[in-house]
Every structure is written in C-alpha cells, then in structure tokens.
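Peer 1: I need the structure of the sequence given here:
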Amino acid sequence: MDTQHPSAPSRARSRNAGHDHPNRGGLIHDNSRHTARFTVIGNHLAQHADLSLLAIGLGTHIQSLPPGARIDIKSLAARFPEGVARIAAALRELEKHGYLRRERLRVPDGRIVTRTISCNQPPAARHHRPGHESADRERERGGDRRGGDRSVRPDPAPDDCAPGPRRKVLPAVPSPSCSAPALLQAAADVLADLRRHDTRLLLSTADTTHLAPGVAAWLERDVTPAAVRRALTEGLPEGLLRRPAALLAHRLTALLPPPPPFVPPAPEPRVRHPFQNCDGCERVFRSPEPGRCRDCRAAPREGA
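Peer 2: I've put the predicted structure just below:
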C-alpha cells in the first residue's frame, strides 16, 4: 500500500469535458438518415447572412419542388399564410443573390411566358466567405477524430446557373390593350423584316420579344406595318449603332401615334323599292311587290 504511482491523476476526470458536456446547453441534433423524399440544401442558403428568414425558407421550399411546379406569387400566396407583398419581397431577395433567375420566352402558340430558373448553388456561393463555415469545420474535426476526413465536396454547379455577360436593360415600350397571339406575331414579323431595309437593325430573339409589344401597340392603332417600318428606319444616325434595340425602343415610345378618331358606324342605306302600277287606278307607286297603291287599299275601308 506504500507504493506511489506518480502517473495517476490527482483527481477523477468528468465523463465529458468542455463543449462536449451534455449540460452545457445549446442545440443537440437527433438526426436520422433519409432514404427517400429528401432534398440537399447547401449551408450557403440555410445560413445566409444577408437573406431574411422568409427568403431562406422560401428558397428551401422552391429547391424541393419538382420541375414545372408553379412558383408565381399568387400560387405561393395561396399555399402559405404570408401575404403577396412579403412573398414578392422574398422572391426579389432570392433573385438578387442569384438563387432565382427569370427569363421571358415565346412559346410555339405565340404567347410570351416567364420561366423561373432555381439555382441551388449560385456563383456567389462558390467562393469562401469567412464566418459561414464554422459548422463545416466542426464536422471536419469530428471526421478527423473518427479516423479520417469525411467531408463531402459539393458538386460543381450546372452551367445554366453561371452568369452570362451583363446587358443593359432596354427602355420600356408601350403595351397593347389586347395581347392577341396573332397581333404579337405580326409585330415580331415587322421587327424581323427591319434587317432587310437596314442591316444594322439585326435583332436578337430577346430584343424582338421585348420590342414586339411596342410594335403591337402601333398596329392596333390602325398604323400599317409599312408605316411602322418607316418610322423605325428613316433618319437613323450614320455609322455603327451600338444598341439598335434601345434606339428602336425609344422611337416606339417617343413617336407613338394617338389612337385613331372614333368613327360612328355608317347608317344602313335606305331601301328603294321598284316602281309598280296600281291594279285599281293605274297609279305608279313604289312597292316590293305588284298590287294596289295606298289610296286604293284604303278605299274599301272608307266605303264600309
């Protein structure tokens, strides 16, 4: 009993020390592995420092939806208790930070629809941002203690989410009172024909889609396609046109003619019946069919 053990601890150690103690407080995860009906959401969205809680939740909901699901403001407002204004603000936040992108396309029947693209890893999220990876570092430390680095590298984002060259926004154009597919198609044909008269007016599909409502507003005001073409092509500046679509948008707005004056419908023409000879007095009168004149038809009644 008199043998000393200098390597023995001076006091008993607690079972868990430091941040691993269960009584320390804070979040404790009770996780189960998902095998079906789950979505992988990046921490760059779930822990985004600049997005509101509503935008983070809405972005998570959108990424969990199948392709083709409706995520317009009215559909989301019908699905969630938040109002239209709050949902619209959250969609703008997601669009600002690259999680949503909207494109206007023309479908085969001539209608213009808006397509919404959801990016699960926008370009800004691919770069390291200090202060957003504490959970990842803790997970990596846990993997090292268990015998290796088990961190999973995220897959590269699809090319569809990569930003293209930034273009200046085109000026607004007038809108027609009736967006009939035939009217918009006629407007697109006028724009596509401009390059035959001036090669500098070769427009892209996106520019044509933007300008078509403005041309349609001219056509519905009884302006002929030839008159629209002259208004857009005559008097152009010499030399290279850097932004022909912007110039055409300005002309469509600045030179928009007033609506045509109201013309009342013409009265129906008066019917003139052929001449007939009265069977009673031989008097000539107008009537659709032969017979007696008005006086002869009234004579028997007077005699009675």
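
Peer 1: helices of the protein, start to end?
Peer 2: Assigned by DSSP state H, the helices in the chain fall at 43-46, 53-63, 73-79, 84-96, 134-145, 181-197, 205-219, 225-233, 244-254, 294-303.

Peer 1: please identify the most buried of those.
Peer 2: Ranked by mean neighbour count, these are led by helix 205-219 with a mean of 21 (mean count of other Cβ atoms under 10 Å). C-beta coordinates here come from the backbone N, C-alpha and C atoms, glycine included.

Peer 1: for that helix, the distance to its chain's centre please.
Peer 2: Relative to the centre of its chain, helix 205-219 is centred 16 Å away, using Cα atoms, centre = their mean, to the nearest Å.

Peer 1: which residues touch H250?
Peer 2: Contacts for H250 (Cβ atoms under 8 Å, 6 or more residues apart in numbering) come out as P171.

Peer 1: which pLDDT does the model give it?
Peer 2: pLDDT, H250: 93.

Peer 1: gap between it and H48?
Peer 2: According to Cβ to Cβ, to the nearest Å, H250 stands 39 Å off from H48.

Peer 1: what's the answer for L202, then?
Peer 2: L202 sits 42 Å away from H48, going by Cβ to Cβ.

Peer 1: comparing the two, which residue is more hemmed in?
Peer 2: H48 (22 against 12; other Cβ atoms under 10 Å).

Peer 1: so for that one, what's the pLDDT?
Peer 2: pLDDT for H48: 90.

Peer 1: do you know how far it is from Y99?
Peer 2: For H48, the distance to Y99 (Cβ to Cβ) stands at 9 Å.

Peer 1: list the contacts of the nearest residue to R200 once chain neighbours are set aside.
Peer 2: Distances taken as Cβ to Cβ, 6 or more residues apart in numbering place L241 nearest to R200, at 4.7 Å, with adjacent residues excluded. Shown in contact with L241 (Cβ under 8 Å, 6+ apart): 200-201, 247.

Peer 1: picking up where we left off before, which stretch in the helices of the chain has the least confidence?
Peer 2: Looking at the helices of the chain, the lowest mean pLDDT belongs to helix 134-145 (a mean of 52).

Peer 1: need the pLDDT of F285.
Peer 2: Confidence at F285, expressed as pLDDT, is 83.

Peer 1: over to the one 4 residues further on?
Peer 2: We note a pLDDT of 87 for E289 in this prediction.

Peer 1: ok, what's across the strand from the nearest residue to it once chain neighbours are set aside?
Peer 2: Nearest non-adjacent residue to E289, counting by Cβ to Cβ, 6+ apart: Q276, 7.4 Å away. Here Q276 sits in beta bridges with F285, going by DSSP bridges.
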